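Asker: pasted the sequence and its predicted model underneath.
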Amino acid sequence: MATSVNSTFLSAPSSSNKVLWGWQSNSDPCNDQQQKQWKNYSDLECELIEERYQKKQREVELGGTHLIDFTRMVQTRKDNRHRTRRVKREVIDAIRYTREERLCYLEYSIPQSFGYIDGWIMSQFIRDWKKKNASICDNEHVTAIVEQAAQDKLTIKKESIIKEGQLLGKEFDGQLIADQLRKVKNKSLYEIWKRCVRLYSAETFLYKLVNSTMRSEDESKLDSLGAYCSLLRCGLSSTNSAVSPTPLRLYRGAQLTEKTIGEYQRKSGSQKAKLDDWKKNRSHGAYKEKFSNTVIRKTEFSDQKPVIPDKPKSPKRPTRDFREVGARQKRRKLADLNSELDDFARDNNIDVNQVIGYLLYQRNHLTNKYLARIGDELYKIGNIVEEARTNLDLDHALALKIHVNMSCYDMDFVKNYLTESIHIPNRNLIREHSQSLLPVVEECRGGGIMIEKVRDGILLTVKRLIDHLLKQNISLSTNLLYRQESGHDGAGGQSVYRANENPMSGPSIFSKMMVPLSLTDSTTGEPFWQNQAPNSAFWARPMALIAEKENADLIVL
C-alpha cells in the first residue's frame with residue numbers, strides 16, 4: 001500500500017528560514033546522564049514566543065500555567081518556579097522542514113479518490129451547518145460567521161474551538177486560534193479566508209480535528225467547527241476577486257490500496273497530473289527517506305462557481321424519525337447502507353464487522369473512549385470478546401464478608417447487583433464453609449480457675465513467677481515486692497443486658513483484667529522480673545466477677 005498524504009494544504013511562498021522553539025521533554029531534565037529529548041511547541045506558540053523574544057522581553061506566559069524565562073532559557077511553572085525545563089531556539093531551512101505526522105496522517109480510505117465531477121460538491125457537514133445558521137450565511141454577515149467560529153468559553157454556547165482544545169489538553173492553542181480569528185473579523189473576505197488557511201496549515205490540533213470531523217461527518221462538532229469549516233471552504237470554491245484574487249493550487253493526498261493504484265495506472269493515459277513542485281521538493285534527502293512512496297494529486301481552482309451566498313434547499317418532504325418507523329421500513333432504509341458496506345468490505349478484502357468497528361472507533365475516539373475501545377477491538381479481530389466473569393470461591397467470599405463486616409443480607413444485596421460480572425456463592429454455602437473452619441485443636445491453657453478472693457489470684461500469679469525464675473537458677477530474696485495494674489468494665493454496658501429477653505437477669509457480671517508489671521527486691525529495689533510489654537494481650541489475666549443481686553439473705557450476711 002502506498003503511503004499517502006491525508007491532509008490538505010495550499011502552496012504559498014515561504015521564507016527560507018523557520019524558527020522553532022522546543023522544550024526538553026525527557027523524564028529527568030536535570031540528569032545529564034539521560035539522553036536529551038526535545039519536543040517542539042505548536043506553530044502558534046512558537047510565533048508568540050518568537051514575537052516576545054524579538055521584542056527583548058524578559059519572559060512570556062503560556063496558557064496561564066507556564067512561563068519561559070528568556071534570560072535563563074528555561075520553562076518554569078507559575079505555581080512552582082523551581083520546576084524548570086530547558087528550552088532552545090532553532091533556526092532551520094523551511095524547505096527541508098518536514099512534518100511527518102501531517103504528511104502521513106492516517107485516516108480510513110475512501111472507495112474512489114479520483115475522477116471528474118461536474119461542479120463543486122458541498123460537504124454534508126457544512127450543508128447542515130448552513131441549514132442551521134441560514135440567517136448569517138451570506139457576504140453581509142461574514143463578521144457574524146467569524147464571531148461564531150471564534151466564540152470563547154464565556155459566550156452562551158459552550159461548543160467552541162477553545163472547548164475542543166480543552167478536551168484535547170490544548171486549551172491555550174484554542175485560545176490563540178480564537179484570537180487570530182477575532183483579529184480579522186472586520187477585514188475583507190479574502191483576508192479572513194487567508195487567516196483560516198494559515199491556521200489550518202499550522203501545526204496544531206485544529207487540522208487533525210477538522211480532518212477527522214469532515215471525513216466522518218461528525219454532527220457533534222457542528223456548533224464548534226461548522227463556522228470555521230464554512231469559511232475555509234469559501235475561498236476554495238469561489239472565483240470572486242474579493243475572495244481569491246489569484247488562482248489557487250491545492251495539493252491533496254489520498255490513502256491508496258493496491259486496487260486503487262491499479263485504477264490510477266489504467267487511467268494514466270487520459271488523466272495526467274503535474275507534480276513539478278512536489279518532485280522538486282522530493283529531491284531533498286529528508287523527503288526521499290520519509291515520503292518515497294507518497295502519492296499527491298494537484299488540482300487547479302480557477303473556474304469554480306462561487307458558493308457565497310449559498311442558501312440551503314428545503315427538503316421535499318419532512319423525514320420521519322428512524323426510531324418511529326416500523327421494522328420493515330428500517331430494513332428498507334438501511335438496505336442501501338448495507339449494500340455499500342458489503343461492497344466496501346469486498347473491494348478492500350475486509351470483514352464487514354471490521355468496517356463497522358473502525359467506523360465506531362473513528363467516530364468516537366475523541367469523545368467516547370469506551371465505544372472507541374470496542375470499535376478498535378472489533379476492527380482488529382472482527383469480534384468483541386466477552387469480558388471474563390470473575391468467580392469468587394468460598395474462601396474469597398468468606399474473606400470479603402469478614403473484611404468489610406458484611407451481614408448475610410448485605411451479601412445478598414451485593415450478589416443481586418453483581419450477577420452480570422461476578423459470581424458470589426450463596427450465603428448458606430458460606431455459612432457451612434465458615435463452620436468447617438472453626439478451630440479443632442486443644443486449648444493451649446486451661447479452662448480457668450475459680451477463686452474466692454482477688455488476693456488468691458495475685459498469690460497464684462506470684463507463685464508462677466517465682467517458679468519461672470527458679471527454673472532459670474536465679475537467686476531470689478525473701479523480701480519481694482510485686483506490682484500489677486488492673487481495670488474492670490461493668491458488663492451492664494453490654495447490649496445483652498439491654499435486650500428485652502435478658503438471659504442473665506439474675507447476677508451482674510464484671511470483666512476485670514490484671515496485668516503483672518514487676519517482681520523486685522523490696523529492700524534493694526533490684527528487679528528480678530519486669531514486664532517488657534504491659535499492653536500486650538499475652539500478659540492480661542482476665543477474671544469474671546459475678547455479683548448476685550441483693551436479697552434478704554445477702555443483707556443479713
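Answerer: That came through fine. Because the structure is predicted, anything quoted here is derived from the model rather than measured.
Asker: quick one, what contacts the closest residue to Leu519 other than its chain neighbours?
Answerer: Spatial nearest neighbour of Leu519, chain neighbours left out: Trp529 (4.4 Å); criterion: CB to CB, 6 or more residues apart in numbering. Quick note: C-beta positions are derived from backbone N, CA and C, even for glycine. For Trp529, the contacting residues are Leu465, His468, Leu469, Ser518, Leu519, by CB atoms under 8 Å, 6 or more residues apart in numbering.
Asker: so where's the stretch 351-500 of the chain shaky on pLDDT?
Answerer: 386-390, 418-421, 438-448, 488-500 (pLDDT under 70).
Asker: please enumerate the helices of it.
Answerer: 352-364, 369-381, 394-403, 408-417, 427-436, 454-471 (DSSP state H, counting those that start in this stretch).
Asker: the longest helix in this protein is where?
Answerer: Ordering each helix of the chain by length in residues (DSSP state H) puts helix 327-347 first.
Asker: what angle separates it from helix 352-364?
Answerer: 100 degrees (axes from the mean of the first three to the mean of the last three CA atoms, to 10 degrees).
Asker: which strands or helices does helix 327-347 pack on?
Answerer: helix 352-364 (3 or more CB pairs under 8 Å, 6 or more residues apart in numbering; DSSP states H and E).
Asker: give me the buried positions along the helix it packs on.
Answerer: Asn353, Gln354, Val355, Ile356, Gly357, Tyr358, Leu359, Leu360, Tyr361, Gln362, Arg363, Asn364 (16 or more other CB atoms under 10 Å).
Asker: how does this structure divide into domains?
Answerer: Taking automatic domain parsing as the reference, the chain has its domains at 17-93, 103-301, 326-381, 392-436, 454-556.
Asker: pick the most buried one from the ones you listed.
Answerer: domain 103-301 (a mean of 17; mean count of other CB atoms under 10 Å).
Asker: spell out the residue ranges of the helices in the stretch 1-150 of the chain.
Answerer: Under DSSP H, counting those that start in this stretch, the stretch 1-150 of the chain gives helices at 43-54, 100-103, 124-132, 142-149.
Asker: can I get these in a markdown table with mean pLDDT and distance to Ala202?
Answerer: Shown next, in a markdown table, are the helices of the stretch 1-150 of the chain (pLDDT from 0 to 100; distance: least, CB to CB, whole Å):
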| stretch | mean pLDDT | distance to Ala202 |
| --- | --- | --- |
| helix 43-54 | 87 | 4 |
| helix 100-103 | 56 | 10 |
| helix 124-132 | 84 | 21 |
| helix 142-149 | 83 | 15 |
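Asker: relative to Thr523, which of these is closest?
Answerer: helix 43-54 (87.1 Å; CB to CB).
Asker: tell me what angle the helix or strand containing Trp193 forms with helix 142-149.
Answerer: Secondary-structure element containing Trp193, defined by DSSP states H and E: helix 189-201. Here the directions of helix 189-201 and helix 142-149 differ by 20 degrees (the same axes, to 10 degrees).
Asker: so Gln532 is in which element?
Answerer: Counting by DSSP H and E, Gln532 is part of no helix or strand.
Asker: against Trp539, how distant is it?
Answerer: Separation of Gln532 from Trp539 (CB to CB, to the nearest Å): 9 Å.
Asker: go on, Val142?
Answerer: From Val142 over to Trp539 (counting by CB to CB), the distance is 90 Å.
Asker: swap in Cys137?
Answerer: 89 Å.
Asker: coming back round to it: tell me the one of the buried residues of helix 352-364 nearest Glu217?
Answerer: Relative to Glu217, and with distances defined as CB to CB, the nearest of those is Arg363, at 9.0 Å.
Asker: excluding chain neighbours, what is closest to the closest one?
Answerer: In space, Arg363 is closest to Ser216, 5.0 Å off (CB to CB, 6+ apart).
Asker: again, but for Val142
Answerer: Val142 sits nearest to Leu189 (CB to CB, 6+ apart), 5.8 Å away.
Asker: next one: Arg89
Answerer: Using CB to CB, 6+ apart, the nearest residue to Arg89 is Trp21, at 5.7 Å.
Asker: what pLDDT does the model give the one you found?
Answerer: The per-residue pLDDT reported for Trp21 equals 88.
Asker: quick check: it touching Val87?
Answerer: Yes. Between Trp21 and Val87 there is a contact under CB atoms under 8 Å: 6.4 Å.
Asker: pull up the overlap in contacts between these two.
Answerer: In contact with both Trp21 and Val87: Ile68, using CB under 8 Å, 6+ apart.
Asker: contact partners for Leu62?
Answerer: Contacts of Leu62 by CB under 8 Å, 6+ apart are Tyr41, Glu45, Leu48, Ile49, Ile68, Gln75, Phe172.
Asker: show me what contacts the second one?
Answerer: Taking CB under 8 Å, 6+ apart, we find Glu45 in contact with Trp21, Leu62, Phe172, Asp173, Leu176.
Asker: who's the second one bridged to?
Answerer: Under DSSP bridges, the beta-bridge partners of Leu62 are His66.
Asker: Leu176 versus that one, what's the distance?
Answerer: Taken as CB to CB, the span from Leu62 to Leu176 is 10 Å.
Asker: host element of Met514?
Answerer: Assigned by DSSP H and E, Met514 falls in strand 508-521.
Asker: wait, Lys259 touches Asp347, no?
Answerer: Yes. At 6.5 Å, Lys259 counts as touching Asp347 under the criterion of CB under 8 Å.
Asker: could the buried residues of helix 352-364 be laid out in a markdown table, adding distance to Pro29?
Answerer: Supplementary listing: the buried residues of helix 352-364 in a markdown table, determined by distance: CB to CB, whole Å:
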| residue | distance to Pro29 |
| --- | --- |
| Asn353 | 46 |
| Gln354 | 43 |
| Val355 | 45 |
| Ile356 | 45 |
| Gly357 | 41 |
| Tyr358 | 39 |
| Leu359 | 42 |
| Leu360 | 40 |
| Tyr361 | 35 |
| Gln362 | 36 |
| Arg363 | 39 |
| Asn364 | 36 |
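Asker: from those, pick the one nearest Arg127.
Answerer: Of those, the one sitting nearest to Arg127 (CB to CB) turns out to be Arg363, at 18.6 Å.
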